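S.K.: 3D, please:
(one chain, ligands or ions: 1)
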Amino acid sequence: MQRVILLGRTQEELGELLTEMGEPSYRAQQVMQWIYQHRENDFSRMTNLPSALRHRLRETSRVNDLQIVDSSEDGDSTEKIALQLSDGEIIESVLIRRRYGNSVCLSTQVGCPIGCPLCASGMDGFTRDLTAAEITGQWFEIQRRLDPGSERISHVVFMGSGEPLLNYSNTLRAVRLLGGEDGAGISYRRITLSTVGLVPEMKRLAREDLPVTLAVSLHAPNDYLRDRLVPINEKYPLEVLIPACKEYAEGTGRRVSFEYAMIEQVNDYPELARELAILLADVKCHINLIPLNPVPGSDYSASSEDALTRFYRILTDLGLNATVRRSSGLDIDAGCGQLRRRITARERDST
Ligand code: SF4
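M.R.: Numbering: from 1, shown residues only. The predicted structure is shown next:
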């Protein structure tokens, strides 16, 4: 029998499900608390529910339907985690432990249809969107691995495989479950949604009245270069993308975060830093300069330290907010999509 998955459902929807089982709808709040506050997946331990209901839930439902199948650590702060979905597909998430809290990076699709040449996720094409249960399920399983007393996930970034805004409704549902008071209660301000620049969905997101951070993968200051690095740019070029970013910042009061992967002798020249400063001069934003995490088989490599420092200095001297962010876990396949590629290749080899 196909079991009902409880993660990914709103409190109201859980209430309807429980009402169909003959229970009062207030039981939904209790079940939500067990799932999101206590991360409990065993109905028999949900002790404030009547035993007949616990039994019924055990017969008909499951809290989550994901299973951790592999992980790799870099020894201190970053852990890449592969999870298997009920149809056998593999997705990946990253746990990053920082001084200010634990951050998880979640996937929103199996593979990705966008096909950016800098990224492993797009290389094997696109399989399917994740459901809201599968997106929140990654948070659930990782939070369960942490010490329940002291290690709470405080930040969530949607930067794993997939373009979150292409799977808009499931991603937004997951955001509301992770950020909402009924759910995990993570501050919306500590939730970041990334995009390569899907302008209509960015405008839609600006109207959602959610103070989440929008991170735009920019990687180039002009269309000529960006068309090469981020193919969706041909559809939404900078002349429409940048005004949409401004609109988002003005509408939400949140700075837009621009991600700029620093690629040796491609987008790291001083004149491109000056061009970038002009492009973003009147956008309320922050720029993250990230040395490229090279994808196996790709011709692109990370910028040198000198090029990185020079680029950063030009931006900050011209008055922009910028940070150099080291990409965690180069040595543990922690680039977007790389652990999944390794596991699926291993499975192919063993058949
Ligand atoms: S960078 Fe993002 S949008 Fe581009 S292929 Fe990778 S997952 Fe997809």
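
S.K.: In space, what's closest to residue 73 - neighbours in sequence excluded?
M.R.: Here the nearest residue to residue 73 in space, its sequence neighbours aside, is residue 79; by CB to CB, 6 or more residues apart in numbering that works out to 4.7 Å. Quick note: C-beta positions are derived from backbone N, CA and C, even for glycine.

S.K.: average pLDDT for stretch 204-219?
M.R.: The average of the pLDDT scores along stretch 204-219 is 95.

S.K.: Which pLDDT does the model give the most centrally placed residue in the chain?
M.R.: Centrality entry for the chain: nearest residue to the mean C-alpha point is residue 158, 1.4 Å, by CA atoms, centre = their mean. On the pLDDT scale, residue 158 is placed at 95.

S.K.: OK, contacts around it?
M.R.: Listed by CB atoms under 8 Å, 6 or more residues apart in numbering, the contact partners of residue 158 are 105, 106, 108, 164, 171, 175, 191, 192, 193, 194.

S.K.: Could you give the bridge partners of it?
M.R.: Note on residue 158: beta-bridge partners residue 193, judged by DSSP bridges.

S.K.: that older thread, whichever strand or helix holds the residue nearest to residue 73 - contacts with which helices or strands?
M.R.: Using DSSP states H and E, residue 79 maps to strand 78-84. Counting contacts by 3 or more CB pairs under 8 Å, 6 or more residues apart in numbering; DSSP states H and E, strand 78-84 packs against strand 67-73, strand 90-98, helix 132-145, helix 338-349.

S.K.: quick one, phi psi at the nearest residue to residue 65 once chain neighbours are set aside?
M.R.: In space, and not counting its chain neighbours, residue 65 is closest to residue 86: 4.7 Å by CB to CB, 6+ apart. The phi/psi pair for residue 86 (degrees, to the nearest 10) reads phi -70, psi -20.

S.K.: burial of residue 86, as a residue count?
M.R.: 15 (other CB atoms under 10 Å).

S.K.: same check, this time on residue 20
M.R.: Using other CB under 10 Å, residue 20 has 8 other residues around it.

S.K.: Got the confidence number for it?
M.R.: pLDDT recorded at residue 20 is 93.

S.K.: From the ligand, how far off is it?
M.R.: Counting by CB to the nearest ligand atom, to the nearest Å, the gap from residue 20 to the ligand is 38 Å.

S.K.: returning to what we had before: out of the contacts of residue 158, which is most surrounded?
M.R.: Highest neighbour count within these, by other CB under 10 Å: residue 164, with 30 neighbours.

S.K.: residue contacts, that residue?
M.R.: Applying CB under 8 Å, 6+ apart, the residues contacting residue 164 are 108, 158, 171, 193, 194, 195.

S.K.: Save the residues you listed as JSON lines, and put in distance to the ligand too.
M.R.: Listed next are the contacts of residue 164 as JSON lines, based on distance: CB to the nearest ligand atom, whole Å:
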{"residue": "108", "distance to the ligand": "9"}
{"residue": "158", "distance to the ligand": "10"}
{"residue": "171", "distance to the ligand": "13"}
{"residue": "193", "distance to the ligand": "12"}
{"residue": "194", "distance to the ligand": "7"}
{"residue": "195", "distance to the ligand": "8"}
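
S.K.: ok, back up a step: which among the helices and strands packed on strand 78-84 is found nearest to residue 283?
M.R.: Smallest distance to residue 283 across these (CB to CB): 26.4 Å, for strand 90-98.

S.K.: and that closest one, anywhere near the ligand?
M.R.: No: using CB under 6 Å from any ligand atom, strand 90-98 never reaches the ligand; the gap is at least 11.2 Å.
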